[in-house]
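1. structure of the sequence below:
(3 chains)
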Amino acid sequence: MIVRLAFSAIAVGLFLLAPHALRDYQLFQLCLIAATAVIVLGLVVVTGMAGQISLAQSAFVALGSYSSAILADKCHIPLWAGIPVSAVVAAFVGFALGQATLRVAGHYLALATLAFTAIVQLILIHADHLTGGAAGMPVPGFAIGSLVLSKAGQLYYVVVPAVAAVFVMVANLLRSRFGRMLAAIRQSETAAASVGIDVLRCKAMAFAASAFLGALGGGLLAPLTSYLDPAQFGIIQAISLLAMAVIGGLRSPVGAVLGSAIFILLPDVLQHFQTYLGLVFALLLCVSIIVRPDGLASLRVNPGRSR
Amino acid sequence: MSPPVLTIDDVSVRFGGILALNSVSITVGAGAIHAIIGPNGAGKSTLINTITGIYAPSSGRIEFLGRRIDGRPAQEIARRGIGRTFQNTELFGELTAIENVMVGLSRHINYGITEGALHFGRFARSEMRARNDAMAYLAFVELADEAQSIAANLPFGKQRRLELARALATQPRLLLLDEPAAGLRPAEIAGLNEILLGLRTQQKLTIVVIDHVMALVMAISDRISVLDFGNKIAEGTPDEVRASPEVVKAYFGEGRAYAGGV
Amino acid sequence: MLLVQIIMSALTNGAIYGLIALGFVLIYKGTGVVNFGYGDQVTAGAYFALITMTFFGMQYWPAVIAAVLISVLLGMLIYGLFMWPLRNQSLLARIIATLAYGTALRELLRAYMGPNAWPFPFLLSPGAVSVGGILVVPANLAIVAAALLVLSLLYLFMERTFMGKAILATCDNRLGASLIGVRVSNVFLSIWILASVLATIAGILVAPLLTLSPDMGLIGIKGFTAAVLGGFTSLPGAVVGGLVLGLLEALAGTYVSSAFKDVFSYGILFAIILVRPQGLLGPLLVKKV
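-> Numbers count the residues shown, from 1 in each chain, chains lettered A, B, ... in the order given. Below is the predicted model:
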């Protein structure tokens, strides 16, 4: 208990100190990492914990980004309200998608989520009047009353606490009976059903959670990037998000932060070798899946003890 | 006489062209230990899987505590009060022993998502109670000292006991055990017998056991049903079944004298 | 005659989808893995040919042969680095592995060959030729012919030769096969190599039509759809599925809009998976407990 308070105090301290110690660009990256981490956290929940592969995450990010931007732009609903609303709507969509597709497992689920992402992206590209089509749309500023937050240094005070709060809640849930149920489903659906767990509904809930987190992250990313381009919400991005989760560690919330940080900071690390950015990231993914196929930090599960 | 706990009425199960169970009827009385035996491929596991809802019967009905359960989803049947173990242990391998049992307790833990997210309200108390209950179940199967061990790392005999503890944690009215004695040493079988007899006497649990191992079946069963090639070929008390010519033929083929004691 | 034109272009696309679907189904039937990196293998195959033509000055056919040889090596590499080490891991891990090496291939090509499109030579003339009043493109005909040829050869090999049947038998019953002395890993390796070669052939045929870029692999999804349509377990089914998809797409494109065409084919994939999961997965879903 004391330890927890101490950690919290240190975290709050660092949070308040950072804007004075870091340059605006670094704060911007911090916010990007935070927003991306929430999105990847969604994959930690649905793929890492519940064991359901999801290539639909970029579709949910798109839903969150575009919905909140459109609500702000066309309905004059400020982002601080529009983002949570979009996230909740996305959760319902995710639940429905889950109920529909989670009867099928493994490969077929991957394909269905892939198709979903492709369809959503195509809709974004062709619904010109609403989304600006292939050219994209600008994102209105983050307004709180008459105050508009536009610089990273300002958005920082919204994005980071929101993300931190979400992380704490999700981590708590994963350590509760809900997390245990997901872990049980991942390891043996048959056994989970035999103790009375409604497997399909739980998986759909996990999907809904991933959709919520994806849309929330998307909504937070929107004012940061200030422009939405449908090309950013496709299958390749969905694979990248999954890659971040795998590289950081599929099974833990910390992994989401780690994977996102690596992704966002890699361009800086690579400096003059920018052309190799995608390749380095891809190789990291390959190494991660070969060395840690079960997503844990520990070594491989004994052969024969799979699933 | 109290009404039967489980009634399997003229049940047939067909997989494509294969008739796995053919018009099987078995009645299991309250508080009984009822064994189902038969050579390999007789349909015993198919029967247990059909009762628990993994398969739906092609024809016939199954009633549990007076209500039909055939064709219902597996988790609904489990919630109605049927617990089971599996022939190939289906443990949650990466979880610890106590966590496995706590999953079995899931439905009886009563806090919601908000409390789970913020760890307030009923969370701490419910988790504590769940932990204590789980320890009690583990103690019952003599696995208390393995509570923190990873399930996949436990030796085979202990994994079997863990599965039993997890099934008991669901507080079932009927317990179905699929080859619980397979691979156990004689001393472990004797221990298992004691546990099952204890469950019947103290918890008034009705138990259906599928097994080959006669040291268990003959020792503790009240009634035995014998399956062969999907048909029920004999039923009765252990002595009656032991002496039945159909049973001898099924296990040993024609023309072999049976010298008692398997 | 519009309908005939539609059918001609549908046939071409359909043949491509069918060829790619063949590779999927082969690996799936053979090793139980759905290969999400396959589209990228198709792209890589085309790039192999391009590189030998452009940087080593080879003519078309020698380049094709070189590309096929390289793809044999690639197949071995993929199997040795990813599929064999992960053979006992969860399905999820194996799916991620195929996504991983597919991404790696794609990014490798992007880094060393640039993100932009490269022109790629046609097998036969891309110019339209009038045959009895119908415009026919020899290049497209070549694609259809190649797809049918590959299918026939594959079918003959798998169903009629001893080795092919042995491969199918091994895939059906690993334990049985290994008990009689068959090296299961060798069988799987052969399948991956075969599929890799198929991918290269498909790539070389497809590249001129689609223009060759690192992201060409997204065509793989059309291949998936074709395979799913065809039932995912039969080789002829894969080609039939491809042709059906090509036709449906062409019809949707002509009578609705060409934008709708893509939404339509992804929609088909989505709908099929939802509507017939039990039917397609029947044997897979029933787990022995």
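2. contact partners for residue C:208?
-> When the contact criterion is CB atoms under 8 Å, 6 or more residues apart in numbering or on different chains, the partners of residue C:208 are C:120, C:121, C:122, C:123, C:126, C:139. Quick note: C-beta positions are derived from backbone N, CA and C, even for glycine.
3. of those residues - the most surrounded one?
-> With neighbours taken as other CB atoms under 10 Å in any protein chain shown, the top of these is residue C:120, carrying 22 neighbours.
4. tell me how far that one lies from chain B.
-> Distance from residue C:120 to chain B, counting by CB to the nearest CB, to the nearest Å: 48 Å.
5. please apply the same query to residue A:112.
-> Note on residue A:112: its distance to chain B, by CB to the nearest CB, is 22 Å.
6. again with residue C:24
-> When distances are taken as CB to the nearest CB, residue C:24 and chain B turn out to be 26 Å apart.
7. surely residue B:97 touches residue B:151?
-> Yes: taking CB atoms under 8 Å as the contact criterion, residue B:97 and residue B:151 are neighbours in contact, 5.8 Å apart.
8. any residues in contact with both of those two?
-> Residues touching both residue B:97 and residue B:151 (CB under 8 Å, 6+ apart): residue B:162.
9. what sits against residue 63?
-> Looking at chain A here, since you left the chain open. Applying CB under 8 Å, 6+ apart, we find residue A:63 in contact with A:86, A:89, A:90, A:93, A:120, A:211, A:214, A:215, A:218.
10. meant chain B actually
-> Residues counted as contacts of residue B:63 (CB under 8 Å, 6+ apart) are B:6, B:7, B:9, B:69.
11. and of the residues you listed, the nearest to residue A:115?
-> Proximity of the contacts of residue B:63 to residue A:115, judged by CB to CB, is greatest for residue B:69, which lies at 36.6 Å.
12. from chain A, how far off is that closest one?
-> 13 Å.
13. per-residue confidence at that residue?
-> Here the pLDDT value assigned to residue B:69 is 93.
14. tally of neighbours for it?
-> Neighbours of residue B:69 under the rule other CB under 10 Å: 21.
15. enumerate the residues of the stretch 151-300 of chain A near chain C.
-> Within the stretch 151-300 of chain A, the positions adjacent to chain C are A:190, A:235-236, A:239, A:242-243, A:246, A:275-276, A:278-279, A:281-283, A:285-286, A:288-290, A:293-295, A:300 by CB under 8 Å from any CB of the partner chain.
16. among those residues, name the buried ones.
-> Buried subset of these (neighbour count, 16 or more other CB atoms under 10 Å in any protein chain shown): A:190, A:235-236, A:239, A:242-243, A:246, A:276, A:278-279, A:281-283, A:285-286, A:288-290, A:293-295, A:300.
17. please report the distance of the closest residue to residue A:120 other than its chain neighbours from chain C.
-> Ranked by CB to CB, 6 or more residues apart in numbering or on different chains and with sequence neighbours excluded, the top spatial neighbour of residue A:120 is residue A:59, at 3.9 Å. Here residue A:59 is placed at a distance of 11 Å from chain C (CB to the nearest CB).
18. which parts of the helix or strand where residue A:59 lies are buried?
-> Of the helices and strands defined by DSSP states H and E, residue A:59 is found in helix A:57-74. Neighbour-count burial for helix A:57-74, counted by 16+ other CB under 10 Å, picks out A:57-73.
19. output that helix as PDB, nothing but the C-alphas.
-> Listed next in PDB are the C-alpha coordinates belonging to helix A:57-74 (Å, rounded to 0.1, in the frame of the first residue of the first chain):
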ATOM      1  CA  GLN A  57      -7.900  -2.300 -34.500                       C
ATOM      2  CA  SER A  58      -7.100   0.300 -37.200                       C
ATOM      3  CA  ALA A  59     -10.800   0.300 -38.100                       C
ATOM      4  CA  PHE A  60     -11.700   1.200 -34.500                       C
ATOM      5  CA  VAL A  61      -9.000   3.800 -34.400                       C
ATOM      6  CA  ALA A  62     -10.500   5.300 -37.600                       C
ATOM      7  CA  LEU A  63     -13.900   5.200 -36.000                       C
ATOM      8  CA  GLY A  64     -12.700   7.000 -33.000                       C
ATOM      9  CA  SER A  65     -10.700   9.600 -34.900                       C
ATOM     10  CA  TYR A  66     -13.200  10.400 -37.600                       C
ATOM     11  CA  SER A  67     -16.300  10.300 -35.400                       C
ATOM     12  CA  SER A  68     -14.900  12.700 -32.800                       C
ATOM     13  CA  ALA A  69     -13.600  15.000 -35.600                       C
ATOM     14  CA  ILE A  70     -16.900  14.900 -37.500                       C
ATOM     15  CA  LEU A  71     -18.900  15.500 -34.300                       C
ATOM     16  CA  ALA A  72     -16.700  18.500 -33.500                       C
ATOM     17  CA  ASP A  73     -16.700  19.800 -37.000                       C
ATOM     18  CA  LYS A  74     -20.300  19.300 -38.100                       C
END
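20. centre of the chain to it, how far?
-> Taking the mean C-alpha point of helix A:57-74 and that of its whole chain, the gap between them comes to 14 Å (CA atoms, centre = their mean, to the nearest Å).
21. with stretch B:225-234 instead?
-> For stretch B:225-234, the separation from the chain centroid amounts to 19 Å (computed by CA atoms, centre = their mean).
22. okay, buried residues for it please.
-> Of the residues in stretch B:225-234, those buried under the neighbour-count criterion (16+ other CB under 10 Å) are B:225, B:226, B:227, B:228, B:230, B:231, B:232, B:233, B:234.
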